[in-house]
Every structure is written in C-alpha cells, then in structure tokens.
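>>> need a 3D model of the following:
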Amino acid sequence: MIRIGYACIHTALPTASRTFRLSGYSDARMLEVARANILALGEILRWNGDNGITLFRITSNLVPFGSHPVNSGSWKEVLQDDFRRLGAFVREGGMRVSMHPGQHTVLNARDEGYFASVLRDLDYHSAVLDLMGLDEGHVVVVHGGGGYGDKGESSARLVRRIRGLPPVLRRRLVLENDERVFTASDILSLCSQTGLPGILDVFHHEVLPSLEGQGAREVTLLFRNTWKGPRQKIHYSNQAPGKRTGSHSQSIDLRSFGEFLESVGDIELDIMLETKDKQASVLALRNAFPGLR
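Numbering: from 1, shown residues only. All right, here's what the predicted structure looks like:
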C-alpha cells in the first residue's frame, strides 16, 4: 500500500505557522501564538482524518522562536496538555507526522558556535514530537548540509556529528538527498556509516543524479534497506515550469507520477508531496489513482 500526504499548510484552513517579530518577543506573546498555531494544526489534522489522509508534515514554526535563545522553553510545560491531545488524535487516527528543519539547520557546519544553534533546533523539533507522545516512526528530516569545498571532509564531519548526538535527538533523525551537494548515493553511504534511515527525494535525484544505471524502482529499494523499523518514507515533486532548476511545481504532474507509480506500486511507501497546492494534489492523485491512500 502506498500512502500520500502533504506538507505544513492546508490552503483553505488557518495557518499553524503564525509568528511575530523578534523585537516584540515576550513569553506571553509566544505562548499565545503557539496555542493558536496548535489549534490550527488540530483543525488541519481533523480535516485530514475526515478525508482519509494519514501522512502530514508539521510546520517548524509551530512554536514561535522555538529554538531561539530568547525563548525560555516554558511552552514545553505550559502547552504539554495541548500537545498530548494532538498526539492522541494522531495515534488514534493511524496517522504519521514528521518535521523538516529549514535550510539553516546544517549538521556539518564548520563553525562550532553555529553548530550549537543547530543542536537547539533539533532539540526543539524532537521536543514537539516527544510532547505529542509519538514514537520514532514520526521522524525529523535533515539534509546532508554543505560541501564547503571538500565534500569528503564535510561528509566525515557530518558522520562524527551524528555519532556524537544525544540519543534523544538521534532516534528520530533521517537523512535526505538534495539537489546541490549530497546525492542519493552520498546519502546511502552516510546512512551506512551512521545507521540512520534515508529519505529518497525523487525530484532532487532527477536534478542531481547518481547511481548510474539504476532506475526509480532500484533506487527506492536501495533506500528501503536503510529503514529497519518504520515504513519507508520518500519525497516527491516536479519541476516548476520556467523557474530555477530545483523549484517545486504548483501541483503534481499526473503523467509523471503515474510513470513513477508503475515502477514502485507494489512497495510499501509513505510519499510526502512537496507542492504549492498542498492538499489539492493529494486529492487529485487519489482521484486519478484510486489505489492510493
């Protein structure tokens, strides 16, 4: 069975990513906005449940300045019941959620001070899922990071950093290939060295190919071998016409997806769609390919 889902935003419902300027920060304001975001997330998850969508990515902006030093962290205690209720809904609905820190969360950053901020960000993302009471099948996705002119050394630094992470941060972590530095082949090697699962981003693999001679099915199965417990998860999107190479399209191209589905349709997969129209692409694909869930 293949399940499909979408990321962070429902285009017809209130956003769970409200924020405010850092200059106006106070704990009271942070808690007020975070609670509103949690309510919005609950509404999105309820809509997903009503429509049979069990795969969703939670926005990193759920708690404003969640990993910033200005944030006291009081949200972890004050909002713990709110998070617990969300998690119960996810579990009872057989849903799977994930989080994906942004481009500034670079695990192999050369600067140790910068790396300290990366650790705070991973702690924030892990804490959200922990407070929801969810197991490690609900993952935190990161890219390999920068090449810094020497990808070999940058890869070795990434491996050292991952091996040195506290178990509470490492247990949810999965690695994803990107379209600029770390190919699918690179990520498979890093997964072998660290024991982490790997997410194949199909679009990134098309932009920055590797594993010559291996088709979509073969590459997907290579990544499958890195998943020891939870269902394998991948990302899927298409190129936006007329935009910079690597830009995600407004919606999923049905023909391209159909060709991909033909090659992997018998594999147990969770496919996260990365498109601008969010839930609309999920509904369009389920209408076009009734076997999807």
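>>> which SS class is the closest residue to Thr275 other than its chain neighbours?
The shortest distance from Thr275 to any non-neighbouring residue, by Cβ to Cβ, 6 or more residues apart in numbering, is to Ser281 (4.7 Å). C-beta coordinates here come from the backbone N, C-alpha and C atoms, glycine included. Under DSSP: H, G, I helix; E, B strand; the rest coil, the three-state class of Ser281 is helix.
>>> for Ser281, what are its contacts?
Shown in contact with Ser281 (Cβ atoms under 8 Å, 6 or more residues apart in numbering): 6, 251-252, 273, 275.
>>> can you pull out the helices in the chain?
27-50, 75-78, 80-92, 112-131, 151-163, 167-170, 184-194, 202-207, 216-224, 254-264, 279-288 (DSSP state H).
>>> now these in CSV, with distance to Gly66 and mean pLDDT?
Compiled in CSV, these are given as follows (distance: least, Cβ to Cβ, whole Å; pLDDT from 0 to 100):
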stretch, distance to Gly66, mean pLDDT
helix 27-50, 8, 98
helix 75-78, 7, 98
helix 80-92, 12, 98
helix 112-131, 4, 97
helix 151-163, 21, 97
helix 167-170, 15, 96
helix 184-194, 25, 98
helix 202-207, 26, 97
helix 216-224, 29, 97
helix 254-264, 34, 96
helix 279-288, 25, 97
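>>> can you say which of those helices is nearest to Ser98?
helix 112-131 (8.4 Å; Cβ to Cβ).
>>> in that closest one, what counts as buried?
115, 117-131 (16 or more other Cβ atoms under 10 Å).
>>> do the same with stretch 47-59
Buried, per 16+ other Cβ under 10 Å, within stretch 47-59: 48-49, 53-59.
>>> from the residues you listed, which is closest to Val33?
Thr59 (12.5 Å).
>>> distance of the closest one from Ile38?
In this view, Thr59 and Ile38 are 11 Å apart by Cβ to Cβ, to the nearest Å.
>>> now for the two: what residues contact both?
With Cβ under 8 Å, 6+ apart as the test, Thr59 and Ile38 both reach Ala16.
>>> wait, what's in contact with the most centrally placed residue in the chain?
Note on the chain: the residue nearest the mean C-alpha position is His100, at 3.5 Å, using Cα atoms, centre = their mean. Counting by Cβ under 8 Å, 6+ apart, His100 makes contact with 7, 57, 60, 140-142.
>>> out of the residues you listed, which is nearest to Arg171?
Val140 (9.4 Å).
>>> if the closest one is in a bridge, with which residues?
Beta-bridge pairing for Val140 (DSSP bridges): Met99, Leu173.
>>> measure Arg110 to Arg161 for me?
11 Å.
>>> quick one: which of those two has more around it?
Arg161 (18 against 13; other Cβ atoms under 10 Å).
>>> distance check, the nearest residue to that one once chain neighbours are set aside against Glu274.
Ranked by Cβ to Cβ, 6+ apart and with sequence neighbours excluded, the top spatial neighbour of Arg161 is Leu107, at 5.1 Å. Leu107 sits 21 Å away from Glu274, going by Cβ to Cβ.
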